[in-house]
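Chemist: Quick one, what's the 3D model for this:
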Amino acid sequence: MTYNEHRSRAATAFVIAALLVLVAGGFARASEPSAKSAPRRASASAAATSAVPKPSIEEAQAGVKKAPKDPNAYLALGGAYRRAGRPQDAAEAFKKMVSLQPSNALAHVSLGAAYMDMKRTEEALREFEKALKLNPSDPSVHFNLGNYYLTKGRRDDALGEFKKATELKPPLADAFVSYALIQAELGNTDNATKSYQHALEIDSTNVRALTNLGNAEYSLGKIPDATALYRKALRYDPQNQEANYNLGVAFADAQIYKEALHYWKRVVAIDSTTNVAESAKSSIQVLEDFLKSQGTPAPAPQPSGTN
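Modeler: Sure, this is the predicted structure:
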């Protein structure tokens, strides 16, 4: 029995469809400053503060100490906390920004994004609605509203908000990525691919766009192009679980099993609690069972470097 036959019979998540994972980040980084890919996460900030630099927490704290009345100092601090996975601290910083500048739509969007990180969705919605009233032409507002609607299962409403975000200035790479993901779900592959490409024209380092464009290329059988995109994504974010997982899938399909196991084990090492990690665990088990059935020992674990 071949490896592909073996895995097709196994009750696991390891199927090519698993390659087309929706790269998270979505609302998680719906308003972070650049989220590079941003939004990587608009990454939290992509939508809300895409033009803001990304200082460390220590640098941002120093900025607040130097200018305690400057709303932008708290914006930078909140963004730093979000990138560090500290949404509660981020919310406190953004609240201070709101208190200093209550008519600033960005302040409310940023606070809403932090609430989304904490799954306090109704509080997030209130902040987004305040921002929308203050500045209905702010693309970050519509982007974050789209993320909110996704959490409520309202895909059509989310699609409408993401589309609005792509039509406004300044352009947000993650808005195009989120719009493309839904287009892909609807079977509009060409539109999705164009939107990923547009996102990369805006921000060539956007990991969500790189990974999902790689998925689109993979589905068309353009494996070298897809793996090149995954590798590029990992250069910008070595901890990205989707890019690591999908690169493992590509190696498994190419029967380069040692490398497949390497990337899947890296996914689990990054964070063993995510859905992607669960898929990686299943894939590891299927592949190791296959190798055992063939009398081939599984490769020894390799140190995880960066691409």
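Chemist: domains in the protein, as residue ranges please.
Modeler: For the chain, automatic domain parsing gives the domain ranges 1-22+240-307, 24-239.
Chemist: for the helix or strand E201 falls within, packing partners?
Modeler: Element membership of E201 [criterion: DSSP states H and E] is helix 189-202. When contacts are defined as 3 or more C-beta pairs under 8 Å, 6 or more residues apart in numbering; DSSP states H and E, helix 189-202 packs onto helix 173-185, helix 207-219. All C-beta spots, glycine's among them, are computed from the backbone N, C-alpha and C.
Chemist: what residues does it touch?
Modeler: Contact partners of helix 189-202, identified using C-beta atoms under 8 Å, 6 or more residues apart in numbering, comprise 37, 166, 171-174, 176-177, 179-181, 183-184, 206, 208-210, 212-213, 216, 219.
Chemist: Return the alpha-carbon coordinates of stretch 261-276 using PDB.
Modeler: Taking C-alpha atoms only, stretch 261-276 is exported to PDB below (Å, rounded to 0.1, in the frame of the first residue of the first chain):
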ATOM      1  CA  LEU A 261       7.500  15.300   9.700                       C
ATOM      2  CA  HIS A 262      10.000  18.100  10.400                       C
ATOM      3  CA  TYR A 263       7.500  20.800   9.500                       C
ATOM      4  CA  TRP A 264       4.500  19.200  11.100                       C
ATOM      5  CA  LYS A 265       6.400  18.700  14.400                       C
ATOM      6  CA  ARG A 266       7.400  22.400  14.200                       C
ATOM      7  CA  VAL A 267       3.700  23.300  14.000                       C
ATOM      8  CA  VAL A 268       3.000  21.300  17.200                       C
ATOM      9  CA  ALA A 269       6.100  22.800  18.900                       C
ATOM     10  CA  ILE A 270       4.800  26.400  18.100                       C
ATOM     11  CA  ASP A 271       1.500  25.900  19.800                       C
ATOM     12  CA  SER A 272       0.000  22.400  20.400                       C
ATOM     13  CA  THR A 273      -3.500  23.700  21.300                       C
ATOM     14  CA  THR A 274      -4.600  25.100  17.900                       C
ATOM     15  CA  ASN A 275      -6.700  23.400  15.200                       C
ATOM     16  CA  VAL A 276      -3.700  23.500  12.900                       C
END
